[in-house]
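Visitor: return atomic coordinates for the entry below.
(one chain, ligands or ions: 2)
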Amino acid sequence: MEMLDELQQLTAKTMEKVDVAKQYDTIRELGKGTYGRVDLAIHKVRGTKMALKFLRKKTTKQKSFLQEYCISRYLSACPYIIGMYDIAFETEEYYVFAQEYAVAGDLFDIIPPQVGLSEHTTKRCIYQVALALDYLHNRKLVHRDIKPENILIFDKECRKVKLSDFGMTRIAGTTEKRVSGTIPYTAPELCEMSKHSGFLVNHSIDVWAFGVLLFCMMTGNFPWEKALHLDSFYYEFLQWQRYKSAAIPSQWRRFSPHALKMFSKLLSIEPEKRCAIKDVFWYFGKTWLVNKDDSPTPDAKTNGDVFVQIKPPSLPFSGGEALSSNKTDTSPSLSFSSCSSYEDVPKENNANAMLGSTPIEICV
Ligand SMILES: Nc1ncnc2c1ncn2[C@@H]1O[C@H](COP(=O)(O)OP(=O)(O)O)[C@@H](O)[C@H]1O
Ligand SMILES: [Mg+2]
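Guide: Ligands and ions are numbered 1, 2, ... in the order given. The predicted structure follows:
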């Protein structure tokens, strides 16, 4: 950790002002958020394609930028973590660093909504994510923002995937303010905390998010909107976990007993009882879905079940209508803004509410 401090100080001293247009040809935007943006660019001298992450100075302190850049560099030796170039600079408006370009984008874009990925592809992908997380946890770091948008892919079959976005990464055992919004990946102990109160950063929050991520990948749905009692999907899960005699909630019935055991360890309600990431490796030799032919799981609509679902904004809503923020309020869906870690997005528990851009929906 001292090494990280030194790297940050050294970077701060050597960081130059750069005219991006003089040194890079910008090809296109790869991602955008409240933080700034990520552009695909070609370094004019090296001729290399790179992803340039721009963090707006107005909203990002130099210290936070240095921390993200240096932690990313420190971890990038792992083959399952995004590679970094030794490039960090500033412009009038932005702090910028350069990353390896992931040609196929991020995992969010390839999960078919309400269907999910095949067991084979899920295992191939999640195995690499588990190795990346284990690497990070062994170095006493906690990612704190595990979700499909932060898993970059190099091919649609997920043969090569890498964990990315270390903007929220912190050292385990430090106290942090709970400033980020509640998203489906947020562990229950964090959901219950009041905003701005302090909590001890622990690996168990990544383990929980990993469990939710796995569910999302295999179903194309979220298991719940928030891990809070007032969320009926979560409450049903909670009752089932507490009283094993309770019926398995419908959205969990597609999983094999081995997969359900793995989920109950990853999604253990009490953080201290949650397993370590390395404990999932044992389950890779087992079947995870009940229908063994590895065909996609059935559509949620076919059996009348109700799911919290993932829906990329560009895909048509069932019924053929393109999903957009001006969709009529007769649609049986709730949508809410992208789960950005940098903002607390207000969400309403109202089935007709439309709140901005909509990568995620609950459909009844
Ligand atoms: N190296 C990269 N290669 C390809 N796409 C990227 C790369 N880095 C980021 N992106 C895209 O940009 C999005 C935002 O980048 P990210 O680093 O996660 O920013 P933020 O901190 O705002 O979440 C990602 O979800 C991904 O779609
Ligand atoms: Mg991100």
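
Visitor: so stretch 174-186, near ligand 2 or not?
Guide: No: on the criterion C-beta under 5 Å from the ion, stretch 174-186 is out of touch with ligand 2, staying 11.4 Å away. Yep, even glycine has a C-beta here, placed from its N, CA and C like the rest.

Visitor: then that stretch to CSV, C-alphas only?
Guide: Once non-C-alpha atoms are left out, stretch 174-186 reads as follows in CSV (Å, rounded to 0.1, in the frame of the first residue of the first chain):
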residue,chain,number,x,y,z
THR,A,174,-10.7,1.1,5.7
THR,A,175,-13.8,3.1,6.6
GLU,A,176,-15.8,4.5,3.7
LYS,A,177,-18.8,6.7,3.4
ARG,A,178,-21.7,4.9,1.8
VAL,A,179,-22.2,7.5,-1.0
SER,A,180,-23.1,5.4,-4.0
GLY,A,181,-26.6,4.6,-5.0
THR,A,182,-28.4,1.4,-4.2
ILE,A,183,-28.3,-0.9,-7.2
PRO,A,184,-29.4,-4.6,-7.6
TYR,A,185,-25.8,-5.6,-6.9
THR,A,186,-25.6,-3.8,-3.5
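
Visitor: and Ala12, what element?
Guide: Taking DSSP states H and E as the criterion, Ala12 maps to helix 2-14.

Visitor: what is the rounded mean pLDDT of that helix?
Guide: Helix 2-14 shows a mean pLDDT of 91.

Visitor: contacting residues around Leu152?
Guide: By C-beta atoms under 8 Å, 6 or more residues apart in numbering, Leu152 lies in contact with 82, 102, 105-107, 161-164.

Visitor: of those residues, buried ones?
Guide: 82, 102, 106-107, 161-164 (16 or more other C-beta atoms under 10 Å).

Visitor: and Asp25, what element?
Guide: Element membership for Asp25, per DSSP H and E: strand 24-33.

Visitor: what about that strand, near ligand 2?
Guide: No: if you take C-beta under 5 Å from the ion as the test, strand 24-33 misses ligand 2, and the best it gets is 7.1 Å.

Visitor: that strand: partners in the sheet, and parallel or antiparallel?
Guide: strand 36-43 (antiparallel) (DSSP bridges).

Visitor: could you give the separation of the partner strand from the chain centroid?
Guide: The chain centroid and the centroid of strand 36-43 are separated by 21 Å under C-alpha atoms, centre = their mean, to the nearest Å.

Visitor: determine if any part of that strand is in contact with ligand 1.
Guide: Yes: counting by C-beta under 6 Å from any ligand atom, contacts between strand 36-43 and ligand 1 involve Val38.

Visitor: beyond that strand, next helix or strand please.
Guide: Criterion used, DSSP H and E; the element after strand 36-43 is strand 49-56.

Visitor: and that following strand, what does it pack against?
Guide: Counting contacts by 3 or more C-beta pairs under 8 Å, 6 or more residues apart in numbering; DSSP states H and E, strand 49-56 packs against strand 24-33, strand 36-43, helix 62-75, strand 94-99.

Visitor: would TSV of the ones you listed with distance to Val142, mean pLDDT and mean neighbour count be doable?
Guide: Supplementary listing: the helices and strands packed on strand 49-56 in TSV, determined by distance: least, C-beta to C-beta, whole Å; pLDDT from 0 to 100; neighbours: other C-beta atoms under 10 Å:
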stretch	distance to Val142	mean pLDDT	mean neighbour count
strand 24-33	21	95	14
strand 36-43	23	96	19
helix 62-75	11	96	20
strand 94-99	21	98	23
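
Visitor: okay if I get the buried ones among the contacts of Leu152 as TSV plus pLDDT, secondary structure and distance to ligand 1?
Guide: Formatted as TSV, the buried ones among the contacts of Leu152 follow (pLDDT from 0 to 100; DSSP: H, G, I helix; E, B strand; the rest coil; distance: C-beta to the nearest ligand atom, whole Å):
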residue	pLDDT	secondary structure	distance to ligand 1
Ile82	98	coil	6
Ala102	98	coil	4
Asp106	98	strand	4
Leu107	98	helix	9
Val161	98	strand	12
Lys162	98	strand	8
Leu163	98	strand	10
Ser164	97	coil	6
